[in-house]
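Novice: Okay, sequence plus prediction incoming.
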Amino acid sequence: MSTTLTQDTPSDSTPETTATDTPEPAARRFLSSRWLPRLVALLAVVPVLTTLRDVANSGRLQHLDYLFQLTRITNPDGSFRAFDLRNYLSNEHILGLPSVLYWINIKLFEGDNRTLGVFVVAVAVATIVALGLALPRTLPPLVRAGLVVAASALMFSPHGLWNYTRAMSGTAWLTANLIVVVAFVLALRGKWWPAWVLALVGSFSYATAFAAWPVLAAIAIARREPLWKRLLPLVVGGSVVLLWMTYRPSAPLAGKPTSDPAGMLYYFLAIVGKLWSVDSGAVAAIAGVVVLGVYLVLASSPVARDRSMWFWWALAAHGLLGAGMITAARVDYGGEIGMDTSRYTSVSVLLALPALVMLAVVVHRRLPARAYQLAGAIVMVGMLGFALGGTAGKEERAKNEEHFVEAVAIRAGYSDAYRRYPAARDLVPRLRSMGHYPFTDDFTLGCGGPELGSKLDVDAMTALPPADGNKVPDHPAGAVEWTEPADPDPFFDGRRVPIFHGWAADNTDPVRCVVIVDREGTVVGGGVSGQQRPDIAFRYAGIIPNSGFAVIGPIDEESRIVVIHESETMRWLPAQIPTEARPG
């Protein structure tokens, strides 16, 4: 008798198998393991490290608003002035907490911009950690890890590099953002007194934190708190704003208040969408419309309106109010300042992240997307925001490189050449008394030898000729091309103090540095060399791109710009104001 084999009738020669005996594919086991989310989360470190590298290369000198703030709150001997709230308002912000942090940095690190930048990076990391802890636990661990990576990529996008390399700004702005984030977390847990205290501290860190007060009132209403808890944030916040309005100085650069609603709407939308544009206000405004449209769609979703999403709605509301405040305060400054000033990116980030989180929750609940697919899409969104900041980051790095010229000017007492700076008579005594950089023992021109006041042998210098034709010259060559300002006024002992821009190259003997000397060969100025000048490399085929320089110093008819090569050879260019316009 024969036997018919079926799936239910095993043969004597075939071992019986069951579903539990079939080994799970390794890839699937890895996708469902606890290690994958941890490995993905490690990617969040990459944007942090790139920003730390930029901070390390940003230079030690603090930037413009910081120096003005220092002259307001200190006496010429470096001591604190008697308290006056008006001295703590800078660009319409009450810089109470930042001023304390500046002072600590002066005492510990000689006012170094880089150490303050590391602090700002730490603040941003703490913000990402706080946001990560606030993520809904209904999301799979892999999706939460993807959101952390995206948050890091957007928070540290080169779009906002200003806040880290010009650390005085990030110390105020990003610290206020962190304070507001923590205040919302506490408020949603019913910890009202700590939340209110933090909101008050944030208000004295940066004016955008004013927007936290109405949001805290809205949270109290949503939680059905007693009436006094709903009204107190409005009363305290309103009092802070009234205090601010009483002491607020008028905006120095703004024109008359605008009455053009189209202009205000354009500016507002550009702030909202700034993160998603390269350098176009129009593209940013379109992106802003998309972001707001996403919130309208989310508002119609019961999943997005769930109580677990309240924190993200609160953060989005804060960002939206912040964008409105910036619009009202800055729209009259002219131009596309919303695009040109990268610190405004942080508001765009605060609006992007809640939308991304709530979209992830809705997609996870409503669509059959796997966790790794959703996490991958989220990480790619973060990568896009990071990549779009590349152009802004490149421009900010170039500005930071030339910032050292201003350190030379301050150290030598020529900072009045920068007409936007505090008067040297006010700034220099304070910095010197505090031992604040650039008045430190280790200040150097970076020449590996000559410093301000050193004497060079004028007779040992040879003239540096211009390039001939359009090919790489067979001899060292260079030129002075333009100055800032184009026609400087004399102010230092009757001499003009321009900032010279030019180039110098020798393919066989690289340029070490560039200085300015007077008729006796005394080094009276310096700056930076090795700047990237692709236009020169294109104009004279074969010249290395990093041939540019920028130097500052007082000049007369016999002054020279001296190019010092690695071999110690010295060549000179005439320190004269060129008649040609800056090359376009």
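Specialist: On my side now, so go ahead. Predicted model, so just to flag it, every value in this text is computed and none were measured.
Novice: Do I have it right that residue 390 meets residue 50?
Specialist: No - using Cβ atoms under 8 Å, residue 390 makes no contact with residue 50, being 11.0 Å away. To be clear about C-beta, it is placed using only N, CA and C from the backbone, and glycine gets the same treatment.
Novice: tell me the contacts of residue 88?
Specialist: 72-73, 94-96, 99 (Cβ atoms under 8 Å, 6 or more residues apart in numbering).
Novice: right, and out of the residues you listed, which lies closest to residue 299?
Specialist: Proximity of the contacts of residue 88 to residue 299 (Cβ to Cβ) peaks at residue 94, which lies at 33.4 Å.
Novice: number of nearby residues for residue 271?
Specialist: Applying other Cβ atoms under 10 Å, we find 30 residues neighbouring residue 271.
Novice: let me fix that: residue 244
Specialist: Neighbours of residue 244 (other Cβ under 10 Å): 18.
Novice: Helix or strand for it, just tell me which one.
Specialist: helix 227-247 (DSSP states H and E).
Novice: Mind giving me the packing neighbours of that helix?
Specialist: Using 3 or more Cβ pairs under 8 Å, 6 or more residues apart in numbering; DSSP states H and E, the elements in contact with helix 227-247 are helix 192-203, helix 212-222.
Novice: One more pass at 6 Å, please.
Specialist: helix 212-222 (3 or more Cβ pairs under 6 Å, 6 or more residues apart in numbering; DSSP states H and E).
Novice: buried set for the helix it packs on?
Specialist: Residues of helix 212-222 classed as buried: 212-220 (neighbour count, 16 or more other Cβ atoms under 10 Å).
Novice: Report the rounded mean pLDDT for that helix.
Specialist: Average pLDDT, helix 212-222: 97.
Novice: That one vs helix 192-203, what angle?
Specialist: Interaxial angle, helix 212-222 versus helix 192-203 (axes from the mean of the first three to the mean of the last three Cα atoms, to 10 degrees): 160 degrees.
Novice: Output the contacting helices and strands for helix 212-222.
Specialist: Going by 3+ Cβ pairs under 6 Å, 6+ apart, helix 212-222 lies up against helix 167-188, helix 227-247, helix 310-330.
Novice: now the helix holding residue 244 against helix 167-188, angle please.
Specialist: Using the same axes, to 10 degrees: helix 227-247 against helix 167-188 is 160 degrees.
Novice: can you tell me which of the contacts of residue 88 are in strands?
Specialist: Applying DSSP state E to the contacts of residue 88, the entries found in strands are residue 94.
Novice: and the contacts of residue 88 as JSON lines, adding distance to residue 544 and neighbour count?
Specialist: Output for these, formatted as JSON lines (distance: Cβ to Cβ, whole Å; neighbours: other Cβ atoms under 10 Å):
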{"residue": "72", "distance to residue 544": "44", "neighbour count": "17"}
{"residue": "73", "distance to residue 544": "45", "neighbour count": "18"}
{"residue": "94", "distance to residue 544": "48", "neighbour count": "24"}
{"residue": "95", "distance to residue 544": "43", "neighbour count": "26"}
{"residue": "96", "distance to residue 544": "48", "neighbour count": "16"}
{"residue": "99", "distance to residue 544": "44", "neighbour count": "25"}
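Novice: JSON lines please, covering the contacts of residue 88 and showing distance to residue 539.
Specialist: JSON lines is the format used below for the contacts of residue 88 (distance: Cβ to Cβ, whole Å):
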{"residue": "72", "distance to residue 539": "46"}
{"residue": "73", "distance to residue 539": "48"}
{"residue": "94", "distance to residue 539": "50"}
{"residue": "95", "distance to residue 539": "45"}
{"residue": "96", "distance to residue 539": "51"}
{"residue": "99", "distance to residue 539": "47"}
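Novice: Specify which member of the contacts of residue 88 is nearest to residue 316.
Specialist: Looking across the contacts of residue 88 and measuring by Cβ to Cβ, the closest to residue 316 is residue 94, at 24.6 Å.
Novice: Who does that closest one form a beta bridge with?
Specialist: Counting by DSSP bridges, residue 94 forms beta bridges with residue 89.
Novice: Surely it and residue 204 touch.
Specialist: Yes - shown here, residue 94 and residue 204 form a contact pair, counting by Cβ atoms under 6 Å, at 5.0 Å.
Novice: Point out where the chain drops to low pLDDT.
Specialist: For the chain, the stretches flagged by pLDDT under 70 are 1-24, 26-33, 249-259, 332-341, 471-472, 580-584.
Novice: any idea where the strands of it begin and end?
Specialist: Counting by DSSP E, the strands of the chain are 89-90, 93-94, 461-463, 477-484, 490-492, 495-496, 499-505, 511-517, 523-531, 548-552, 560-565, 570-574.
Novice: Walk me through which strands the third one pairs with, and which way each runs.
Specialist: If you go by DSSP bridges, strand 461-463 pairs up with strand 570-574 (parallel).
Novice: one step back: now the buried residues of helix 212-222 in TSV, please, with extra columns for distance to residue 490.
Specialist: What follows is these, written out as TSV (distance: Cβ to Cβ, whole Å):
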residue	distance to residue 490
212	50
213	52
214	54
215	54
216	56
217	58
218	59
219	60
220	62
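Novice: ok, these vs residue 120, which is closest?
Specialist: Looking at the buried residues of helix 212-222 and their distance to residue 120, the nearest is residue 212, at 19.9 Å (Cβ to Cβ).
Novice: which residues does that closest one contact?
Specialist: 180, 199, 318 (Cβ atoms under 6 Å, 6 or more residues apart in numbering).
Novice: Good, we can wrap up now.
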